[in-house]
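Colleague: Structural data only, the sequence is not supplied:
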């Protein structure tokens, strides 16, 4: 890939990439840290489910020591993969080669350009090239250590490192769009309640993206899909629907008094707090879709359901900061 009208030699590309990576780590952007925290849950559950029988014959202290080393090595490996992706993103976008596809500057203003670019990585590189880039250093250390006590560790580490590789590419893309192309996305507008874009996918959790669906003044609905760090073949697999209702405490009491069951349940849950009649309560429903195992990259793991609920709640809490809404005014329910 090459951006029309932009020419950089290798030395300047490496300099810009290095400076941009330093700037990222000096910022308060939680993209990487939240990703590591989220996927640590996935990886730890994998370890328990794939432990060699001898592992459970060890005393508890030894098990915990092994798991601690696993998680320390996991963090270093995913950060290594992220850094490799960041470097690769700068090279793909800025390096001039005879095989480059040339993109105009307005490519970066397309709201879907980042997702499209990440999906193109799978086609451009393929599994072999990506594995060759990632199966070294911190990742090799994690794989070798994992295989001592856990079955199929190589495959799991390679899958997760690929996700963080693409996360690094995503950050590189955004930095180049912001700092080199000086281009904004052409967003048509934002939802009234939670300020999500009408025409662009948005981050909901480190594994899932959201798409605006419907709204009324007191209601908003999102569709949840696997994000672009997964293969494009799963991009349209609906994982869940998130519905957010804004209700006053007076409305909840009114419907509860006429025995509307859902409102009675809300009032029962909320009774422990001393709410005023005019207080807004945001009720967040998470309705998970029924997924055919043949149609998805992987099924959600038991521990991940809870991680997903927490991540969605945190995302919505951040979105509601403009209303100065605290956690006591957000109620999470799920199917």
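Modeller: Structure's in. What do you need? Remember, it's a predicted structure, so these values are computed and weren't measured experimentally. Residues are numbered from 1 along each chain as shown.
Colleague: Just to check, residue 24 is in contact with residue 175?
Modeller: Yes. Counting by Cβ atoms under 8 Å, residue 24 does reach residue 175; the two are 7.3 Å apart. (C-beta placed from N, C-alpha, C; glycine too.)
Colleague: more crowded one of these two?
Modeller: Set residue 24 next to residue 175 and count neighbours by other Cβ atoms under 10 Å: residue 175 wins out with 22 against 19.
Colleague: gap between the nearest residue to that one once chain neighbours are set aside and residue 54?
Modeller: In space, residue 175 comes closest to residue 20 once its chain neighbours are excluded; the distance is 4.7 Å by Cβ to Cβ, 6 or more residues apart in numbering. For residue 20, the distance to residue 54 equals 45 Å [Cβ to Cβ, to the nearest Å].
Colleague: Tell me which of those two has more neighbours.
Modeller: Neighbours per residue (other Cβ under 10 Å) separate residue 20 from residue 54, with residue 20 holding more: 21 against 8.
Colleague: Report all helices and strands that the helix or strand hosting the residue nearest to residue 175 contacts.
Modeller: Using DSSP states H and E, the element containing residue 20 is helix 10-26. Judged by 3 or more Cβ pairs under 8 Å, 6 or more residues apart in numbering; DSSP states H and E, helix 10-26 is in contact with helix 60-94, helix 153-179.
Colleague: now the last one against helix 10-26, angle please.
Modeller: What it means is helix 153-179. Counting by axes from the mean of the first three to the mean of the last three Cα atoms, to 10 degrees, helix 153-179 lies at 100 degrees to helix 10-26.
Colleague: likewise the longest one?
Modeller: Orientation of helix 60-94 against helix 10-26 (the same axes, to 10 degrees) gives an angle of 140 degrees.
Colleague: Leaving out the residues flanking it, which one is nearest to residue 282?
Modeller: residue 330 is the one closest to residue 282 (Cβ to Cβ, 6+ apart), at 4.9 Å.
Colleague: And this structure, what are its domain boundaries?
Modeller: Using automatic domain parsing, the domain ranges for the chain come out as 2-179, 202-334.
Colleague: As CSV, those domains with mean pLDDT and distance to residue 194 would be great.
Modeller: Listed next are these as CSV, based on pLDDT from 0 to 100; distance: least, Cβ to Cβ, whole Å:
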stretch, mean pLDDT, distance to residue 194
domain 2-179, 91, 17
domain 202-334, 87, 4
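Colleague: okay, the helices and strands packed on helix 10-26, which one's buried deepest?
Modeller: Most buried of the helices and strands packed on helix 10-26 by mean neighbour count (mean count of other Cβ atoms under 10 Å) is helix 153-179; its value is a mean of 21.
Colleague: which other helices and strands contact that one?
Modeller: On a contact count with 3+ Cβ pairs under 8 Å, 6+ apart, helix 153-179 meets helix 10-26, helix 31-49, helix 60-94, helix 113-134, helix 137-146.
Colleague: just to revisit the earlier point, what's near enough to touch the residue nearest to residue 175?
Modeller: 86, 90, 172, 175, 179 (Cβ atoms under 8 Å, 6 or more residues apart in numbering).
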